[in-house]
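Student: have a look at this prediction, sequence included:
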Amino acid sequence: MKRTHLCGELTQDDIGQHVVVCGWVNRRREHGEHLAFVDLRDHSGVVQCVVDNSVDVRSEYVLEISGTVTQRPDGTINENLSTGQIEITDAEVNILSVAEPPPFPMDDRADDVDEMVRLRHRYLDLRRPRMQRNLRVRSQVNAAVRSAMVNQGFVEVETPMLMPTTPEGAREFIVPSRQRPGSFYALPQSPQLYKQLLMVSGLDRYFQIARCLRDEDLRADRQYEFMQLDMEMSFVDVDDVLSAVEVSVLDAAEAVTGVRPDEIPRITWHEAMNRFGSDKPDLRFEMELVELTDVFSATDFKAFATAESIKGINAPGAAADWGRNKLDALTDTAKSFGAKGMVWIKVGADGSFDSPVAKFMSETEQQELAKRLGASEGDLLLMIADDWLTTCEVLGELRNRMGRPPVSQGPYRYVWVVDFPLFVGVDATSGLPRPGHHPFCHPHPEDFELLESDPTKVRAWAYDLVLNGWELGSGSIRIHDPELQRRVFDILGISRDEAEERFGFFLNPFKYGAPPHGGFAYGLERLAAILAGEENIREVIAFPKPQSGLDPMTGAPGLVDEGQLTELGLAVLPPPVD
RNA sequence: GGUCCCGUAGUGCAGUCUGGAGUGCACGCCGCCCUGUCAAGGCGGAGGUCGCGAGUUCAAAUCUCGUCGGGACCGCCA
């Protein structure tokens, strides 16, 4: 090895040693012909090298520098540098590569550079300390999660990337088959099918750090391809799954931050909706939804008189920031989430109400309203009246808009949301309940008798893990009993023939003895991004894609030649004309 | 499929509302000077299809329409 030390690792303990370091020129400072400073950078940090003669090295040249580690002279110590006590003197410079000036600086000034420029030169962007750190966070998360699962007796199994298409769920990426032109594989949205079959196979405890692909629109927390900790276990209840997952999450968090989070609290889906208006509540701030239905039980205010549920939130001190135009826009926002309207009240001096609808409320109603919401001067009160779910959901959105910090900021607030409903609402055309998660979720046994009579009240053994308002992942106990599965399909209006056609290859193996089982999967980029203090998972992915899905560095996707198409039995249609 | 925001030198911006010569700032880059600097300093210099295309106008970075690219979000993501 040519290199004896890493740049950032040199300390006063190395004084007097002859060392060889390799890296990139972070900065060069020349002082005439006989003195120059070269800050040499590798992934570990930067060290200053003192060159006693003129040497033509520019930013990002790759150098091998040999010299002697020396205590810096008095008054030249750099407190901002971990190696600032020492420097490499009598430096001999060997240029390993020359470099053109990079399009942006290799430090945090490039945080402000247009992300497309960074992605086009991602190999340079990744040289920056922030990105080096983020990739290493990913690696720490992967390592901690893998060993947490192995230590708990889970077996790592790799499942196929080429699998049959399935009609359910996210849009799939499709791969044409050469040996059977006209036939197609799909890339996995998740290893869901295989992991449940592995339970039938008696693996008992399976996990995989699995690549998943979904051809859906991209977002700050969504890429076409992403990694999940995917797991499944047999002969377990909800507690067993949650605690196994929790160990891996806490281990990963501890590995990155050095602090082990407390045990993750649990709330039910109903409580999450009722208090925070969201199934992924951000617990870093209060502003809880306040129950007001009974306050207006005999009101003259028409908009409130017939509503099933009335709730409100108090944005403390926000009145001054919200002028009439902004409040009108906020009302439109509330409507876009399904509300019929939004009531706002600015609290003035002596608790007086400034609101277009205050005159419709009685004195008693106003006083009780103010008391429930803890209103004081300068506060902005927002209220929604609708059916319970709409009221909760709309206020939850408003709560996030009024108070939610950036996802990366502040403490880490994990929460398990449990007892999701088995069905969510009723399909408008068919009148049939719609599955909340997927049709294989195990109903909560306490609610079995409601399955046919009042299906939307049935809870499922289904659960999500939430961190700072981001859904990290979800899972459930699965149905392993064909009779129960048949019952759920009946409720969903799925006939025996249809079930056989759509799910047969998946469910038929259960005839041969399926153990009770359940599992979970969570997004590793989402966890890593928040642990790294990033608001966007692209920042913890080496080569991510922008919202268009087009890769600015490689140009993918691209055309293929006619021969490839012919071999696959494919022809490309002309673009549709509008 | 939809809503909103953005596009000016290698990079980040100002200029656009209220049309008047590519007017300007910072960093970077190039050259010279400089023996203790450290996101060095001094002097000088180069660098522009104002995303692209139409339109209005005597005149467009600026106004209008279209289009391309980017971002946040809604839909979508069982």
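Tutor: Now that the structure is in, tell me what you want to look at.
Student: what is the neighbour count of the one residue in chain A that gets nearest to RNA strand B?
Tutor: Across chain A, the shortest distance to RNA strand B (Cβ to the nearest atom of the strand) belongs to residue A:32, at 1.9 Å. To be clear about C-beta, it is placed using only N, CA and C from the backbone, and glycine gets the same treatment. By other Cβ atoms under 10 Å, the residues close to residue A:32 number 7.
Student: next up, the contacts around it.
Tutor: Taking Cβ atoms under 8 Å, 6 or more residues apart in numbering, we find residue A:32 in contact with no residue.
Student: let's verify it: helix, strand, or coil?
Tutor: Following DSSP: H, G, I helix; E, B strand; the rest coil, residue A:32 is assigned to coil.
Student: any residue of the longest helix anywhere in chain A touching RNA strand B?
Tutor: Longest helix in chain A, counting residues (DSSP state H): helix A:129-151. No - shown here: helix A:129-151 not in contact with RNA strand B (Cβ under 7 Å from any atom of the strand), separated by at least 10.6 Å.
Student: what sits up against the helix or strand just after that helix?
Tutor: For helix A:129-151, the following helix or strand on the C-terminal side (DSSP states H and E) is strand A:155-156. Contact partners of strand A:155-156, identified using Cβ under 8 Å, 6+ apart, comprise A:146, A:149, A:150, A:203, A:204, A:205, A:206, A:207, A:208, A:209.
Student: for those residues, pick the one with the most neighbours.
Tutor: Highest count within the contacts of strand A:155-156 by other Cβ under 10 Å belongs to residue A:207, 28 neighbours.
Student: isn't that residue up against residue A:153?
Tutor: No - Residue A:207 lies out of contact with residue A:153 (Cβ atoms under 8 Å); the separation is 10.0 Å.
Student: specify the local secondary structure of residue A:233.
Tutor: strand.
Student: pretty sure it contacts residue A:515?
Tutor: No - counting by Cβ under 8 Å, residue A:233 sits too far from residue A:515 to count as a contact (9.5 Å).
Student: overlap in contacts, those two.
Tutor: residue A:199.
Student: what about those two, which has more around it?
Tutor: Using other Cβ under 10 Å as the criterion, residue A:233 and residue A:515 rank with residue A:233 on top: 25 against 15.
Student: contacting residues for the spatially closest residue to that one that is not a sequence neighbour?
Tutor: Counting by Cβ to Cβ, 6 or more residues apart in numbering, residue A:233 lies nearest to residue A:205, which is 4.8 Å off, once chain neighbours are set aside. Applying Cβ under 8 Å, 6+ apart, we find residue A:205 in contact with A:152, A:153, A:154, A:155, A:231, A:232, A:233, A:234, A:244.
Student: most surrounded residue in these?
Tutor: residue A:232 (29 neighbours).
Student: could you find the closest non-adjacent residue to that one?
Tutor: residue A:519 is the one closest to residue A:232 (Cβ to Cβ, 6+ apart), at 3.4 Å.
Student: look at that neighbour and say how many residues are nearby.
Tutor: Residue A:519 has 26 nearby residues by other Cβ under 10 Å.
Student: give me the contacts around the helix or strand containing it.
Tutor: Assigned by DSSP H and E, residue A:519 belongs to strand A:517-523. Strand A:517-523 is contacted from outside by A:190, A:195-196, A:199, A:206, A:210, A:221, A:226-238, A:240-242, A:245, A:249, A:442, A:461, A:463, A:465, A:472-478, A:480, A:537, using Cβ under 8 Å, 6+ apart.
Student: how about stretch A:271-281?
Tutor: Looking at stretch A:271-281 with Cβ under 8 Å, 6+ apart, the contacting residues turn out to be A:267, A:269, A:282-283, A:288-289, A:311, A:389, A:392-400, A:415, A:417, A:420, A:464, A:466, A:469-471.
Student: what about stretch A:411-422, start to end distance?
Tutor: 32 Å (Cα to Cα, to the nearest Å).
Student: can you tell if it touches RNA strand B?
Tutor: No - Stretch A:411-422 lies out of reach of RNA strand B by Cβ under 7 Å from any atom of the strand, never closer than 10.3 Å.
Student: try stretch A:446-457
Tutor: No - applying Cβ under 7 Å from any atom of the strand, one finds stretch A:446-457 separated from RNA strand B by no less than 14.7 Å.
Student: got the CA positions of stretch A:152-172 in CSV?
Tutor: Provided in CSV are the C-alpha atoms of stretch A:152-172 (Å, rounded to 0.1, in the frame of the first residue of the first chain):
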residue,chain,number,x,y,z
GLN,A,152,-33.2,-12.6,16.4
GLY,A,153,-33.1,-15.8,14.4
PHE,A,154,-34.3,-14.4,11.1
VAL,A,155,-33.0,-16.1,7.9
GLU,A,156,-32.0,-13.9,5.0
VAL,A,157,-33.6,-15.1,1.7
GLU,A,158,-33.3,-13.4,-1.7
THR,A,159,-36.5,-13.5,-3.7
PRO,A,160,-36.8,-13.1,-7.5
MET,A,161,-36.7,-9.8,-9.3
LEU,A,162,-38.5,-11.3,-12.2
MET,A,163,-42.0,-12.3,-11.1
PRO,A,164,-45.5,-12.6,-12.5
THR,A,165,-47.5,-9.4,-12.9
THR,A,166,-50.3,-9.0,-10.3
PRO,A,167,-53.4,-6.9,-10.9
GLU,A,168,-53.4,-5.5,-7.3
GLY,A,169,-51.6,-2.5,-5.9
ALA,A,170,-49.0,-0.2,-7.4
ARG,A,171,-48.3,0.0,-11.1
GLU,A,172,-45.5,-2.3,-12.0
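Student: can you pull the buried residues of it?
Tutor: A:152, A:154, A:157, A:159, A:163, A:166, A:172 (16 or more other Cβ atoms under 10 Å).
Student: list the residues that contact the closest residue to residue A:318 other than its chain neighbours.
Tutor: Spatial nearest neighbour of residue A:318, excluding adjacent residues (Cβ to Cβ, 6+ apart): residue A:380 at 4.0 Å. Residue A:380 sits next to A:314, A:315, A:318, A:319, A:321, A:322, A:344, A:345, A:346, A:347, A:402 when contact means Cβ under 8 Å, 6+ apart.
Student: for the fourth one, the count of nearby residues, please.
Tutor: The reference is to residue A:319. Using other Cβ under 10 Å: residue A:319 sits among 20 other residues.
Student: again with the fifth one
Tutor: For residue A:321, the number of neighbouring residues by other Cβ under 10 Å comes to 11.
Student: which ones are touching it?
Tutor: residue A:380.
Student: on the pLDDT front, check it for me.
Tutor: On the pLDDT scale, residue A:321 is placed at 84.
Student: what's the answer for the third one, then?
Tutor: Among the per-residue scores, residue A:318 shows a pLDDT of 91.
Student: and chain A, what are its domains?
Tutor: In terms of domains, chain A is parsed into A:7-97, A:286-403 (source: automatic domain parsing).
Student: of these, which shows the lowest average pLDDT?
Tutor: Mean pLDDT per stretch puts domain A:286-403 lowest among the domains of chain A, at a mean of 92.
Student: quick one: end-to-end length of it, please.
Tutor: Domain A:286-403: ends 8 Å apart by Cα to Cα.
Student: mind checking how far it is from the chain centre?
Tutor: 31 Å (Cα atoms, centre = their mean, to the nearest Å).
Student: next one: stretch A:74-87
Tutor: Distance, centroid of stretch A:74-87 to centroid of chain: 39 Å (Cα atoms, centre = their mean).
Student: and that stretch, does that touch RNA strand B?
Tutor: Yes - for a cut-off given as Cβ under 7 Å from any atom of the strand, stretch A:74-87 has contacts with RNA strand B, namely A:75, A:76, A:77, A:78, A:80, A:81, A:84, A:87.
Student: what about the strands in the stretch 151-300 of chain A?
Tutor: Assigned strands in the stretch 151-300 of chain A, in chain order: A:155-156, A:174-176, A:184-186, A:205-213, A:225-234, A:266-268, A:290-291 (criterion: DSSP state E, counting those that start in this stretch).
Student: what strands flank the fifth one, and is each parallel or antiparallel?
Tutor: Same thing as strand A:225-234. Partners of strand A:225-234 in the sheet, by DSSP bridges, are strand A:205-213 (antiparallel), strand A:517-523 (antiparallel).
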